[in-house]
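Colleague: Whatever this is, show me its structure:
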Amino acid sequence: SVSSVNAPRLTDSATFDLICRRLPPNRNLLVACGLEAALDYLEGLAVTASDLEYLASLHRFSKDFLDRLEGLRFQGEVRAVPEGTPVFGNEPILEVTAALPEAQIVETYLLSTIHHQTMAASAAYRLVAAADGLPVVDFGTRHAQGAAAGACTARAAYIAGLAGTSNVAAGCRFGVPVSGTMAHSYIQAHERESDALASFTSTHRGTTLLVDTYDLVGGVQRVIDLAGRQGERFDVAAIRIDSGDLGASARLARRMLDDAGLAAVRIIVSGELDAPAIADLVAGGAPIDGFGVGTALAVSSDAPYLDTAYKLAAYAGRGRMKLSPSKRTWPGRKQIFRESRDGMAVRDVLGSVDESRDGQPLLRPVMANGRRLGEQCSSLESTRAYSAAAIGQLPAHVRGLPPARPSYRVDVSPHLQNAADRLSRRLQDAT
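Modeller: This is a model prediction of the structure:
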C-alpha cells in the first residue's frame, strides 16, 4: 500500500471494490458488517509525527515521499451496502473512489475490518437461524482474537440477530444489550454451594444461577431449596447448565423445577455450542429457553476466514480487471440490483453503475470528500431491524442451515459482461 503513495506519477482517481470472492462451503449468505468502523477510520486517517519519525529511521524512503505522506488525508468517496445486508460471492460490499495513493493505503485496514465483522455477523446469523426464535447471547470475548475483536464481534452479532452480549465494553461503546450469569469460580470460592447461591441472589435481582459446578441434580435442588426459604423474596429468572448432555439435563431440570412450582424459572444452556448443536436441541424439543455461545461465534469456528479481496476496478477513468485464474475481477464502477417477486428476493444482478435495471440498488453513497453523508447514519437498532427484514426477504432454503440447493442466483448483466469481454481482449492483445 505504501508503495502507491511513493509513486508520484500514479495519482489519478482509482476505484477499488472490496468483495468476498466466494462463500465458504457452509455459508448460504454473508451478512455485511463493519462499515461504521471503516468510515471512522477513513475520516480520521492521518500520519502522525511519530509515524514519520519511525519511517525515516528505516532509511528506505526519500524526504519527498515522507513530505507527501505527512499531508495524506482521505478525501475520496465511498459507496457501500448498508450494514446487515445479506450479500453473496463477488458482490462489492464496499467501493472506494479516490486518488490512487489514498485509495490504496487504506486497503489493509478496510479488509481487516470488513472481513472480521462480516465473518462474525455471518456466524451469528447461523446461530439465530438454528435457535428458531429463542434468544442467543454472545459469551465469546474470552476466546476472541483480542479484546477489541470481542467488542466488535458483539456488535456485529447483535446486528445479525443475537439478543445481547456478556461484553460490558460492547454495551458501553456500541449500545449492545448486556447480559450475564455467575461464574463457576464464585461458587467454588464459597464453602457451600447453597451459600454461594444465596449470597449471589442477595445482590443480583432477577439473575441466572449456575447449577452444574458440582452436580446438576444437587445444584437444581439447592435453587429449589432457596426458593422455599425466600418465599416471595425469591427473584431468580433462570438457571444455566454449562456441561454434559444439555438436552437430557434440561429435561431433568425442567421436571424438578416444575414439580417444585417454579415453572417461571427459565433454563439457559451453554458450553461448546454451535449452530448444528443448537438446531439439534431445538429439533429434539429440549425445554431450553435460551443459549449462550462463546468460541463458535468468537472465532467463527466453522468458517474462520472469508476469501475477501480489495481490487482495482478503474483507474484514470478506464476500467481495470484481473484475468488470473479463479481470481478474475469485473471492471468499472458497479451496482448490485436485487430483484424481487411478491416480496421475495429471486436474484441479484451485478451491473455497471450507470445501468438502469429493475430491482433494488444495494450500493449507496455513504461518504463524499472524505466525510460521512449524514443522512446515511443509522442507529444500532434500526440497522438490526433492517438486517432482519433484508434476510427475511430471501428464499427460505437460502436462510436455512443446510447448503442451499440451488444456491441464491447472482447474474452478471449483459452490459457488464460485454465491457469485461472487450477489456479482456484488449489486455490479452497488449501482452
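
Colleague: only C-alpha atoms for contact and neighbour calcs from this point on.
Modeller: Will do.

Colleague: Need the contact partners of the host helix or strand of Ala154.
Modeller: Assigned by DSSP states H and E, Ala154 belongs to helix 147-159. Contact with helix 147-159 is made by 33-34, 84, 116-118, 120-121, 123-125, 138, 140-142, 144, 164-165, 167, 169-170, 174, 176, 298, 380-381, 383-385, 387, as judged by C-alpha atoms under 8 Å, 6 or more residues apart in numbering.

Colleague: What's the end-to-end length of stretch 395-414?
Modeller: 25 Å (C-alpha to C-alpha, to the nearest Å).

Colleague: which residues sit against it?
Modeller: 25-29, 88, 126, 129-130, 344-352, 391-392.

Colleague: ok, of those, which come out buried?
Modeller: 27-29, 88, 126, 129-130, 345-352, 391-392 (16 or more other C-alpha atoms under 10 Å).

Colleague: Inside helices: which ones of those?
Modeller: Taking DSSP state H, the ones among those that sit in helices are 126, 129-130, 391-392.

Colleague: are any of the contacts of helix 147-159 buried, and which?
Modeller: 33-34, 84, 116-118, 120-121, 123-125, 138, 140-141, 144, 164-165, 167, 169-170, 176, 298, 380, 383-384, 387.

Colleague: Next step: these restricted to strands.
Modeller: 138, 164-165 (DSSP state E).

Colleague: give me the number of residues near Arg79?
Modeller: The tally of other residues near Arg79 (other C-alpha atoms under 10 Å) stands at 22.

Colleague: Show me the beta-bridge partners of it.
Modeller: On the basis of DSSP bridges, Arg79 is bridged to Glu95, Pro365.

Colleague: got a list of contacts for the one helix or strand Pro276 maps to?
Modeller: Per DSSP H and E: Pro276 is located in helix 275-283. Helix 275-283 has contacts (C-alpha under 8 Å, 6+ apart) with 126-127, 129-132, 247, 288, 291.

Colleague: and what of stretch 417-431?
Modeller: 319-321, 323, 330-331.

Colleague: what ranges do the helices span in the stretch 51-200 of the chain?
Modeller: Assigned by DSSP state H, counting those that start in this stretch, the stretch 51-200 of the chain shows helices spanning 63-70, 100-105, 107-131, 147-159, 168-174, 184-188, 193-203.

Colleague: Indicate which one of the ones you listed is closest to Ser356.
Modeller: helix 100-105 (27.2 Å; C-alpha to C-alpha).

Colleague: Kindly export the closest one (C-alpha atoms) in CSV.
Modeller: What follows is helix 100-105, C-alpha atoms only, in CSV (Å, rounded to 0.1, in the frame of the first residue of the first chain):
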residue,chain,number,x,y,z
LEU,A,100,-4.8,6.2,-6.0
PRO,A,101,-2.4,6.8,-3.1
GLU,A,102,-5.4,7.5,-0.8
ALA,A,103,-7.5,4.6,-2.1
GLN,A,104,-4.6,2.1,-1.9
ILE,A,105,-3.1,2.9,1.5
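
Colleague: Return the list of helices and strands in contact with it.
Modeller: In terms of contacts (3 or more C-alpha pairs under 8 Å, 6 or more residues apart in numbering; DSSP states H and E), helix 100-105 is packed against helix 2-5, strand 13-20.

Colleague: from the chain's centre, how far out does the helix or strand just after the last one sit?
Modeller: It refers to strand 13-20. For strand 13-20, the following helix or strand on the C-terminal side (DSSP H and E) is strand 30-31. Its chain's C-alpha centre and that of strand 30-31 lie 7 Å apart, by C-alpha atoms, centre = their mean, to the nearest Å.

Colleague: what's the following helix or strand after strand 30-31?
Modeller: Next along from strand 30-31, by DSSP H and E: helix 35-44.

Colleague: angle of that following helix against helix 147-159?
Modeller: 130 degrees (axes from the mean of the first three to the mean of the last three C-alpha atoms, to 10 degrees).

Colleague: now stretch 46-64: mean pLDDT?
Modeller: Stretch 46-64 comes out with an average pLDDT of 93.

Colleague: residues touching the residue nearest to the spatial centre of the chain, list them.
Modeller: For the chain, the residue nearest the mean C-alpha position is Ala121 (2.4 Å; C-alpha atoms, centre = their mean). Applying C-alpha under 8 Å, 6+ apart to Ala121 gives the contacts 30-33, 84, 153, 156-160.

Colleague: Same question for Tyr41.
Modeller: No residues are in contact with Tyr41 under the rule C-alpha under 8 Å, 6+ apart.

Colleague: Return the distance of it relative to Met367.
Modeller: From Tyr41 to Met367 the distance is 12 Å (C-alpha to C-alpha).

Colleague: quick one: which of the contacts of stretch 417-431 has the most company?
Modeller: Neighbour max across those (other C-alpha under 10 Å) = Trp330, 29 neighbours.

Colleague: From what I see, it and Ala314 are in contact.
Modeller: No: Trp330 is not in contact with Ala314 according to C-alpha atoms under 8 Å; the separation is 9.7 Å.

Colleague: overlap in contacts of these two?
Modeller: 320-321.

Colleague: which secondary structure element contains the residue lying closest to Arg266 once chain neighbours are set aside?
Modeller: Nearest residue to Arg266 in three dimensions, chain neighbours excluded: Ala238, at 4.3 Å (C-alpha to C-alpha, 6 or more residues apart in numbering). Here Ala238 sits within strand 236-241, counting by DSSP H and E.

Colleague: any residues touching that strand, and which ones?
Modeller: 181, 201, 205-212, 216, 249-250, 264-270.
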